[in-house]
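*Asks:* below are the sequence and a predicted model for it; my questions follow.
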Amino acid sequence: MSRVIRTLISGVFAVSISLPPVSAQQAQAPANDPTAAPGPQKLTKEQKRKQGRALKELDKQYKEWLNEDVIYIISPNERTAFLQLDTNEEREQFIEQFWLRRSGNPDLPDNDFKEEHYRRIAYANEHYASGIPGWRTDRGRIYIIWGPADEVDSHPTGVTYDRPMEEGGGSTSTYPWEKWRYRYLEGMGNNIELEFVDPSGSGEYHLTMDPSEKDALTHVPGAGLSLMESMGMASKADRFTRSDGTNLPTSLGGQPASMNEFNRLELYAKVQQAPPVKFKDLESLVTSRVVRDQVHFTWRTDFLKVTNDTVLVPVTVQIPNSQLSFQAKDGVHSATMNVFGRVSTLTGRVVQTFEDAVSRDFPDSLFQQSVKLQSIYQKAVPLRPGLYRLDLVIKDVQSGNVGVVNTRLAVHQYEDAKLDSSSLILADQIEHVPAKQIGAGQFVLGSSKVRPRMEADFTTADKLGIYMQVYNLKADDNTHKSSAAFQYTVKKGAQQVMQFKETSADMKQAGDQVTIERLLPLATLAPGKYMLEINATDTITNQTITRTAEFTVKVPAASPVKSAANTAPGR
């Protein structure tokens, strides 16, 4: 079917599910009726009641998708249309079209918009939680809708603040606050500045329209005076009689257009609206493949919570370099493999695919040693909890040999108010990445690069990387901070050989989610097989979870090849 025909068919379907049905009277209105209002009609009370009933009757997964996953990016028309659907099959088709209409390139198997959206949710949960999940905070909302700001001016402990002249001049002290600057936002223009203030000191920053809200001395007589107030030309009491929604001091000169109360109100409203949709009607095709099992490789899947109804699933594949066919040219040995992955429901509906070409290059001097090592690749895909089929295919480009894995994939369901965790990942590398690389690229989980050691095989010269996220920690009613204790135990058989503890306060993490990132030296351990056990306890609710992982310690080889040779191909 041609691209044009497919687009037209998809367009008819997209329009049919994106617009609420009109009444017979509306349908008969003449096209040139000047009284007909463009766009969606205002809902009546009865329509609102019907939507409320429809929302209550939705299955949990669809309700959470609507009220958590896409709450900030779904348009009112789309929300209305979704609530008018009758069957789960229609809802699944709607969700597929929802993501395709926003994809930067719907002809590719990976949906860049969807992956970026769930990466932003995960980042918000990790960095902006404050007694409530990070995605529910104002900073989390803006980050999820518009992405990272181009510039962030952060003052987490408050500062002495010299007001600009348009804010009245003079010095004062402030609450914790941040200013985010976007060079351009579609529909709003250039140099968009947003301020977030934490007047309670609890970490709960909220978006404000009032530049004076960060002023900690506003209600302190005789303190934090502006220039005109310090010269006796204005009274501090004048701040509380303004009609523009602020408590700013009187300024000496005029104010820029950005300070106009109507411009500030308009910006405050627009910045919290769903962003425009890139493509209105698109569809994608998925092709099936038949493969031969000639290349043998290992694989693993991990699970990290993004929302209650969305789980990030890193799929990691490792292949021995000896399985690849290398060609020598100009003193360099090169091999290329194509990696294909597909996740489908048990009924055969494809929900995710990914495909990459991955290269390995070794100079003559390192080739004989490097060919004994492994190449590792990872792709993280967002999925809903449930049961799936995972197909993995690797093809060696030079020889044409192909390896395949078809397996069951059960994605974990994270429940509300129940202490839970991600997979426990044993890694040979854990390091923080630059801000521009957060959430992007292979092995990047949030703000860290975590490369799993697939065989959990370490030497006494290595450090054992430990990575795990703990979810649903309860905040104290008074401090609005969580409190958790973590105990790490290493056992050899029934014998305990190592144990240490730490708390969330030690880790300087006080949200509902805590991320464990540790590098454990293994020099004191004798060669053998070990078990790592982590007990995580919410000291407020007294809930405890336990996660374990086995690993092996060996004596390092006499002449080891640098570990950098055993990295993700193509990086």
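*Replies:* Done, it's in.

*Asks:* so who does the closest residue to Asp391 other than its chain neighbours touch?
*Replies:* Once flanking residues are discounted, Asp391 sits nearest to Arg342: 4.5 Å by CB to CB, 6 or more residues apart in numbering. Bear in mind the C-beta positions are built from the backbone N, C-alpha and C, glycine included. Going by CB atoms under 8 Å, 6 or more residues apart in numbering, Arg342 touches 286, 350, 352-353, 390-391.

*Asks:* now with 7 Å?
*Replies:* Residues near Arg342 by CB atoms under 7 Å, 6 or more residues apart in numbering: 350, 353, 391.

*Asks:* and the gap between the residue nearest to Ser171 when sequence neighbours are not counted and Val553?
*Replies:* Of all residues not flanking Ser171 in the chain, Asp162 sits nearest, at 5.3 Å (CB to CB, 6+ apart). To Val553, Asp162 is 57 Å away according to CB to CB, to the nearest Å.

*Asks:* what's the answer for Leu346, then?
*Replies:* Counting by CB to CB, the gap from Leu346 to Val553 is 40 Å.

*Asks:* which one of the contacts of Arg342 is nearest Ser235?
*Replies:* Set against Ser235, the nearest of the contacts of Arg342 by CB to CB is Thr353 (66.9 Å).

*Asks:* sheet-wise, list the partners of the one helix or strand that closest one maps to with their directions.
*Replies:* If you go by DSSP states H and E, Thr353 is part of strand 350-363. According to DSSP bridges, strand 350-363 has the following sheet partners: strand 332-345 (antiparallel).

*Asks:* picking that back up, who has more neighbours out of Asp162 and Val553?
*Replies:* Neighbour tally, Asp162 and Val553, criterion other CB atoms under 10 Å: the higher count belongs to Val553, 21 against 10.

*Asks:* beta-bridge partners for the more buried one, please?
*Replies:* Taking DSSP bridges, one obtains Phe458, Gly528 as the residues bridged to Val553.

*Asks:* so it sits against Gly528, correct?
*Replies:* Yes: in this structure, Val553 is within contact of Gly528 by CB atoms under 7 Å, at 6.2 Å.

*Asks:* find the nearest non-adjacent residue to Ala357, please.
*Replies:* Asn338 (5.4 Å).

*Asks:* my bad, should have said Gln272
*Replies:* Arg141 (6.7 Å).

*Asks:* wait, that neighbour sits on Tyr72?
*Replies:* Yes: here Arg141 reaches Tyr72: they are 5.6 Å apart, a contact under CB under 7 Å.

*Asks:* ok, the residue nearest the centre of the chain to Asn263 distance?
*Replies:* Centroid check for the chain by CA atoms, centre = their mean gives Arg119 as the closest residue, at 2.3 Å. Using CB to CB, Arg119 is found at 32 Å from Asn263.

*Asks:* do Tyr128 as well
*Replies:* According to CB to CB, Tyr128 and Asn263 sit 26 Å apart.

*Asks:* cool, and Ile71?
*Replies:* Look at Ile71 and Asn263: by CB to CB, they are 27 Å apart.

*Asks:* residue ranges for the helices of the protein, please.
*Replies:* Along the chain, counting by DSSP state H, helices occupy 3-18, 24-27, 45-57, 60-64, 76-83, 88-100, 112-127, 138-146, 227-230, 261-270, 364-370.

*Asks:* adding distance to Thr546 and mean pLDDT as columns, could you present these in TSV?
*Replies:* Shown next, in TSV, are those (distance: least, CB to CB, whole Å; pLDDT from 0 to 100):
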stretch	distance to Thr546	mean pLDDT
helix 3-18	45	37
helix 24-27	60	33
helix 45-57	37	73
helix 60-64	27	88
helix 76-83	40	87
helix 88-100	35	84
helix 112-127	23	91
helix 138-146	30	94
helix 227-230	60	83
helix 261-270	46	82
helix 364-370	39	87
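
*Asks:* nearest to Ala484, of those?
*Replies:* Nearest of the helices of the chain to Ala484, taken as CB to CB: helix 112-127 at 15.0 Å.

*Asks:* need the residues that contact the closest one.
*Replies:* So helix 112-127 is in contact with 73, 99, 102-105, 133-135, 140, 143-144, 147, 306-307, 310, 312, 382, 438-439, 446, 513, 515, going by CB under 7 Å, 6+ apart.

*Asks:* report the buried residues of it.
*Replies:* For helix 112-127, burial by neighbour count (16 or more other CB atoms under 10 Å) applies to 113-127.

*Asks:* check stretch 229-248 too.
*Replies:* Within stretch 229-248, the residues scored as buried using 16+ other CB under 10 Å are 229, 234, 236, 239, 246-248.

*Asks:* low-confidence stretches in the stretch 451-571 of the chain?
*Replies:* The stretch 451-571 of the chain contains residues with pLDDT under 70 at 558-571.

*Asks:* got a pLDDT number for the nearest residue to Ile192 once chain neighbours are set aside?
*Replies:* Of all residues not flanking Ile192 in the chain, Tyr182 sits nearest, at 4.5 Å (CB to CB, 6+ apart). Per-residue pLDDT puts Tyr182 at 94.

*Asks:* isn't Tyr182 up against Pro148?
*Replies:* No: in terms of CB under 7 Å, Tyr182 does not count as a neighbour of Pro148; the distance is 9.3 Å.

*Asks:* who has more neighbours out of the two?
*Replies:* The neighbour count for Tyr182 versus Pro148, taken as other CB under 10 Å, is higher for Tyr182 (20 against 15).

*Asks:* can you tell me how far the more buried one is from Glu115?
*Replies:* Counting by CB to CB, the gap from Tyr182 to Glu115 is 21 Å.

*Asks:* who has more neighbours, Tyr128 and Asn263?
*Replies:* Taking neighbours as other CB under 10 Å, Tyr128 and Asn263 compare with Tyr128 leading, 25 against 12.

*Asks:* surely that one touches Thr137?
*Replies:* Yes: counting by CB under 7 Å, Tyr128 touches Thr137, with 4.8 Å between them.

*Asks:* who does the residue nearest to Ala357 form a beta bridge with?
*Replies:* The partner residues for Asn338, given DSSP bridges, come to Ala357, Lys395.

*Asks:* then Pro314?
*Replies:* For Pro314, the beta-bridge partners are Ala380 (DSSP bridges).

*Asks:* what about it, how many neighbours?
*Replies:* For Pro314, the neighbour count with other CB under 10 Å is 22.

*Asks:* got the contact list for Met337?
*Replies:* Met337 sits in contact with 319, 324, 358, 394-397, where contact means CB under 7 Å, 6+ apart.

*Asks:* any idea how far Pro363 is from it?
*Replies:* Noted for Met337: a distance of 20 Å to Pro363, by CB to CB.
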